[in-house]
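Trainee: Okay, structure incoming, though there's no sequence with it:
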């Protein structure tokens, strides 16, 4: 009882004291009394501490506030008012509380994100209890370093919508590629979507994810992606209609084969080649054009592997697409060796998402 009376007395003195130096000393005594373990204070004591200390702390020197923030961050008491005020302070003061304090709610963290700096947001990404609302707010307001840190926090919860927004950002930001691909719970269809943008090493990791996916995983991811996957189309080539009719005729006569692609390229029938290639591997014309223009060997290998092209057809096809340089038969052999290393099962699973893009393209074209 005597200790409790003394603690209340310290709080009252702190509330009344005007001198900065004396207030600083009293604050130290109060925090020692209320926050030092064992933490067996009553709710009423914690409430009084929160009310008085939260009110006077902002008037103290920054180093004193830093020390208070460290003590509050580790406290198990419900001292939300004090924790919240410290969280909105300069980053040196705010960081310990933002990163560790259990007193801060998810709503408090969203407020911090919306009203403070990128440094404060970075501190939020270090917490072990990040919920979907907080993740969404971080992605909406944070720069790329914030998103990297969030993606690397394995305990952070992220909604499907938030993952989609990160995927959109990652399409034009290389710094997001590795943390996005390597995050455990990224939806498979979004990994497939970013495949064409990432490095060869990361592409291998994506293929590994498809290799280990169950049919149920794939079905769930495909269902979730139905409303998202669509392609932004540019103007079609002038000879598109004639080329399409030509490929239609080959298909009707059942003479459209992988070998057809080779002589189309040799005859410089570029539009016919793109239409035919897109049909044979099951993707849309726009995507086929972008992959061939970029000479994206890895992506083309995955498509051809999933479609069952023979090694020789793929090797010759890539040699014609890449063009230039020497190497002759040795270069064809190198492409063939690379092709055989593409895992067939993973390629076929990834292709389920590419085919959705193709269906979306057809639907969009028909509606135009």
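Mentor: Nice, I can see it. Bear in mind the structure is a predicted one, so any value in this text is a computation, not a measurement.
Trainee: Can you read off the pLDDT for residue 173?
Mentor: With respect to pLDDT, residue 173 scores 96.
Trainee: doesn't residue 222 make contact with residue 187?
Mentor: No - at 9.9 Å, residue 187 does not count as touching residue 222 under the criterion of C-beta atoms under 8 Å. Every C-beta, even on glycine, is put in place using the N, C-alpha and C of the backbone.
Trainee: so what's in contact with those two at the same time?
Mentor: With contacts taken as C-beta atoms under 8 Å, 6 or more residues apart in numbering, residue 187 and residue 222 have no neighbour in common.
Trainee: Any idea how many residues pack against residue 277?
Mentor: 27 (other C-beta atoms under 10 Å).
Trainee: Dihedrals phi and psi, it?
Mentor: With angles defined as degrees, to the nearest 10, residue 277 sits at phi -60, psi -50.
Trainee: Can you tell me the closest non-neighbouring residue to it?
Mentor: Nearest residue to residue 277, sequence neighbours excluded (C-beta to C-beta, 6 or more residues apart in numbering): residue 288, at 5.3 Å.
Trainee: give the contact list for residue 141.
Mentor: Contacts of residue 141 (C-beta under 8 Å, 6+ apart): 113-114, 121.
Trainee: again, 10 Å this time
Mentor: 110, 113-116, 118, 121 (C-beta atoms under 10 Å, 6 or more residues apart in numbering).
Trainee: Buried residues in stretch 340-350, which are they?
Mentor: 342-343, 346-347, 349-350 (16 or more other C-beta atoms under 10 Å).
Trainee: Likewise for stretch 74-83?
Mentor: Going by 16+ other C-beta under 10 Å, stretch 74-83 has these buried residues: 75, 77, 79-83.
Trainee: from the chain's centre, how far out does it sit?
Mentor: 32 Å (C-alpha atoms, centre = their mean, to the nearest Å).
Trainee: ditto for stretch 92-107
Mentor: 24 Å.
Trainee: residues of that stretch that come out buried?
Mentor: For stretch 92-107, by 16+ other C-beta under 10 Å, it's 93-104.
Trainee: do stretch 178-192 as well
Mentor: Quick answer for stretch 178-192 (16+ other C-beta under 10 Å): 178-181, 183, 186-192.
Trainee: again, but for stretch 211-222
Mentor: 213, 218, 221-222.
Trainee: List just the nearest of the residues you listed to residue 163.
Mentor: Distances from residue 163 to the buried residues of stretch 211-222, taken as C-beta to C-beta, are shortest for residue 221 (11.1 Å).
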